[in-house]
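Student: I would like to see how this sequence folds:
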Amino acid sequence: MRRISLTSWILIALVLGVVIGAVWPHFGIALDPLEVIFLRLIKMIVGPLIFATLVVGIAGHGTLKGLGRVAVKALIFFEVATTLALVLGLVAVNWIQPGAGAHLQASTAGLPAASAHVGMMQSMIEHTVPQSFAQALAAGEVLQVVVFSVLFAIALVIAGTGEGRPARTILVFCEGLAQVMFKLTAMVMWTAPFGVLGAVAASIGHQGLGVMVPLLKLVATLYGALIVFVVVVLGGALVLFRIPLDRFWAAVKEPTLVAFSTSSSEAALPSAFENMEAMGVSRRIVGFVIPTGYSFNLTGSTLYLSLAALFIAQAAAIPMTLGQQIFMLLTLMLTSKGVAGVSRAAIVVLAATAATFGLPLAGVALLLGVDQFLDMGRTAVNVLGNCLAAAVVARWEGEALEPVAAPCAQAEAQA
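Tutor: Next up, the predicted model:
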């Protein structure tokens, strides 16, 4: 049984939840505490995780302006691509309405006080500034945690994080905290099968098998939106920067397929490095753009987050104005930075944002049942987008993208 992966356990829990909820609905409803416990564990790790990863992501480069011309161009591309992904997710979920008919309970009991500000844009903006960082952590106010973390990271860079500088100790501490939080997140995610079992069994026990239809509709909506994003946005970048499609696809085919089949961006990283260098992107660009993109260019994940957050709102019949939706997209853009190394990172970010905007966390647990199918597509697009970012920055820097021998082939030739 130890050889069964977490993904397999989640799928097993999904099937069991469907069976229990359909055959023994009262027993399924009684399993609801499993979902509650899992969601409490998720909320427990959100604040420290976001603080540590944002501080390391911003302050880890050492200086605010020392990253150079390549960094500025890469970050411009990252933010444009991420924004377009969020907007596309927003358009798709409002057009297709996959959450309609799921009938999630819209109770906000136990949610952070930020839910009271959802209807008032001015109050929401004011509410993002924390009076106390400790209070923001304790209350689960993710926007306030993000604001403090960004300001703290900028101050840390200004103080200096070079060797021998006192502020270096704080950066090292945050790096250690991030690694510990990654491990703790992995531990918490092993309770996900129980959360899925409780969420699915209770939902079907309450509403019947019809609750699965919106989830399948969500999967179809996400893959349709991802295809449009790849063809229109990424394809448009290929044309705009005159990147040869045939050689680009030959370079990214392997890492993209690895990412899709394993749902792991990290598994695709070695081949992405090697293949983009072989395509003609210089090592200095590949070595900076692709790793940085793993924190700042998660286009597939950000598209999913905008779609999933509004799916939960639709399922709970919570109306959101366009202004509230845009404000939530900005929140997602900030909270998704830096957590690419966390298993099921999108679920953690989604739970934090859902709590902030008064959306029922039961929807997050319900989404876990189909998250594996969602994760495969968004991870593949993450890797594809990062490879394209490296090629775009290379062309922007004037590189000709002349193909070269792969490092392993060069080593064999020298031998």
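Student: What are the contacting residues of whatever helix or strand Arg247 lives in?
Tutor: In the assignment (DSSP states H and E), Arg247 maps to helix 245-262. Outside helix 245-262, the residues that touch it by CB atoms under 8 Å, 6 or more residues apart in numbering are 238, 264-265, 267-269, 271-272, 275-276, 278-279, 376-377, 379-380, 382-384, 387-388, 391, 401, 403. All C-beta spots, glycine's among them, are computed from the backbone N, C-alpha and C.
Student: Stretch 75-87 too?
Tutor: Here stretch 75-87 has contacts from 229, 233-234, 237, 292-293, 296-300, 302-303, 305-306, 329, 332-333, 385, 389, 392-393, using CB under 8 Å, 6+ apart.
Student: I figured Leu197 was touching Leu16, is that so?
Tutor: Yes. Proximity of Leu197 to Leu16 meets the contact threshold set by CB atoms under 8 Å, at 5.8 Å.
Student: More neighbours: which of the two?
Tutor: Neighbours were counted for Leu197 and for Leu16 using other CB atoms under 10 Å; Leu197 has more, 29 against 17.
Student: about what we covered before: would you mind listing which of the contacts of helix 245-262 are buried?
Tutor: Listed as buried from those are 238, 265, 268-269, 271-272, 275-276, 278-279, 376-377, 379-380, 382-384, 387-388, 391, 401; burial here means 16 or more other CB atoms under 10 Å.
Student: So which of the residues you listed sit within helices?
Tutor: Taking DSSP state H as the definition of helices, the buried ones among the contacts of helix 245-262 contribute 238, 265, 268-269, 271-272, 275-276, 278-279, 376-377, 379-380, 382-384, 387-388, 391.
Student: Can you tell me the centre-most residue of this protein?
Tutor: The centroid of the chain falls nearest to Ala346 when counting by CA atoms, centre = their mean (3.6 Å).
Student: Would you mind measuring from Ala278 to Leu238?
Tutor: Plainly put, Ala278 is 18 Å away from Leu238 if you go by CB to CB, to the nearest Å.
Student: Quick one: classify the residue nearest to the centre of the chain as helix, strand or coil.
Tutor: Using DSSP: H, G, I helix; E, B strand; the rest coil, the structure places Ala346 in helix.
Student: Please verify my assumption that it contacts Leu303.
Tutor: No. At 10.2 Å, Ala346 does not count as touching Leu303 under the criterion of CB under 8 Å.
Student: Give the residues shared as contacts by these two.
Tutor: Jointly contacting Ala346 and Leu303 under the rule CB under 8 Å, 6+ apart are Arg378.
Student: Poorly predicted segments of the stretch 101-250 of the chain, please.
Tutor: Where the stretch 101-250 of the chain drops to pLDDT under 70, the residues are 101-128, 140-143, 207, 210-211.
Student: Can you identify each of the helices in it by residue range?
Tutor: Assigned by DSSP state H, counting those that start in this stretch, the stretch 101-250 of the chain shows helices spanning 121-127, 133-139, 142-159, 167-189, 192-207, 212-228, 235-240, 245-262.
Student: For the nearest residue to Leu156 once chain neighbours are set aside, give its distance to Phe51.
Tutor: Once flanking residues are discounted, Leu156 sits nearest to Ala59: 4.4 Å by CB to CB, 6 or more residues apart in numbering. In this structure, Ala59 and Phe51 are 12 Å apart, going by CB to CB.
Student: number of nearby residues for Asn297?
Tutor: By other CB under 10 Å, 27 other residues sit near Asn297.
Student: Pull out the buried residues from stretch 41-59.
Tutor: Neighbour counts using 16+ other CB under 10 Å place 41-43, 45-59 of stretch 41-59 among the buried residues.
Student: So which of the residues you listed sit within helices?
Tutor: Taking DSSP H as the definition of helices, the buried residues of stretch 41-59 contribute 41-43, 45-59.
Student: what sits against the closest residue to Phe38 other than its chain neighbours?
Tutor: The spatially closest residue to Phe38, leaving aside those adjacent along the chain, is Gly195, at 2.8 Å (CB to CB, 6+ apart). For Gly195, the contact set (CB under 8 Å, 6+ apart) comprises Leu34, Glu35, Ile37, Phe38, Leu39, Ala365, Leu368.
Student: just the helices in the stretch 301-415 of the chain please.
Tutor: Using DSSP H, counting those that start in this stretch, helices in the stretch 301-415 of the chain cover 322-335, 345-356, 362-367, 371-396, 407-414.
Student: buried set for the first one?
Tutor: This points to helix 322-335. Those would be Gln324, Gln325, Phe327, Met328, Leu329, Thr331, Leu332, Met333, Leu334, Thr335, for helix 322-335 by 16+ other CB under 10 Å.
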